[in-house]
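S.K.: Next one to model:
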Amino acid sequence: MENKESARLAYVLETALNIFVRYGYKKTTIEDISKAAGITRQGLYLHYKNKEEIFSASIQKALNDGLQSADQILEDDSLTLEEKLFQALDEWFGRHVGFIHPEVSDLVAQCERVLGDTVENSSSSFQKKLEQVILASSGENTKDVKARAATIADMLCTCALTWKHRLSSRQQFQEKLCDAIHLCCRDLRE
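M.R.: Now for the predicted structure:
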């Protein structure tokens, strides 16, 4: 019964996130979320006291799910460095390409207001993990190699974030990402 309830709440949060990114925070109502999730408003209020709490929980879930998936990829020893970077960056950024409706402008401000530094901290944690994987693949642990790994991780995350917001398809994102990773890994080997 508890697993069924957990799965139900996960579905509600995923549905809520889809509604928020389609309409924005201000235009989304509890009624919108309850209808889309197939739950009564009273059912929502049993778990969340207001829209802000649902918003916060849905963003937290998306961040946690993304970090967990990226961790699994980055820890997979059967993958090459290029495969790890590609899959992890695609999981963290690529799955959101075209996800946020272009006319929704209040989400970033609401994330900062409701969650504070949570999104930034999750992004920093992800980038740090990329840096560690890059560093580990080099086999060296000198100051120069550490700086290079940090630069590559930063560059890949910055590019991926930009493409996430500017490209219209995940395929376009993956093509650009593949080229960038190839260049970075080539540079790392030289």
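S.K.: so which strand or helix has Gln110?
M.R.: Using DSSP states H and E, Gln110 falls within helix 107-115.
S.K.: buried ones in the next helix or strand after that helix?
M.R.: Sequence-wise, the next helix or strand downstream of helix 107-115 (DSSP H and E) is helix 118-138. Buried residues in helix 118-138, counting neighbours by 16 or more other CB atoms under 10 Å, are found at Val119, Ser122, Ser123, Phe126, Gln127, Lys129, Leu130, Glu131, Val133, Ile134, Leu135, Ser137. C-beta: built from backbone N, CA, C; applies to glycine.
S.K.: Quick one: residues in contact with whatever helix or strand comes next after helix 118-138.
M.R.: Once helix 118-138 ends, the next helix or strand along the chain (criterion: DSSP H and E) is helix 143-166. Contact partners of helix 143-166, identified using CB atoms under 8 Å, 6 or more residues apart in numbering, comprise 85, 89, 92-94, 96-97, 100, 123, 126-128, 130-132, 134-135, 138, 172-173, 176-177, 180-181, 184, 187-188.
S.K.: relative to helix 118-138, how tilted is helix 143-166?
M.R.: Helix 143-166 and helix 118-138 are oriented at 130 degrees to each other (axes from the mean of the first three to the mean of the last three CA atoms, to 10 degrees).
S.K.: Mind giving me the packing neighbours of the lowest-mean-pLDDT helix or strand in the chain?
M.R.: Every helix and strand in the chain was compared by mean pLDDT, DSSP states H and E; the lowest is helix 107-115, with a mean of 86. Using 3 or more CB pairs under 8 Å, 6 or more residues apart in numbering; DSSP states H and E, the elements in contact with helix 107-115 are helix 51-74, helix 118-138.
S.K.: before we move on, which element is Ala7 in?
M.R.: Per DSSP H and E: Ala7 is located in helix 2-23.
S.K.: and the angle from that helix to helix 107-115?
M.R.: 140 degrees.
S.K.: continuing past helix 2-23, what's the next helix or strand?
M.R.: helix 30-37.
S.K.: With that, I have no additional questions.
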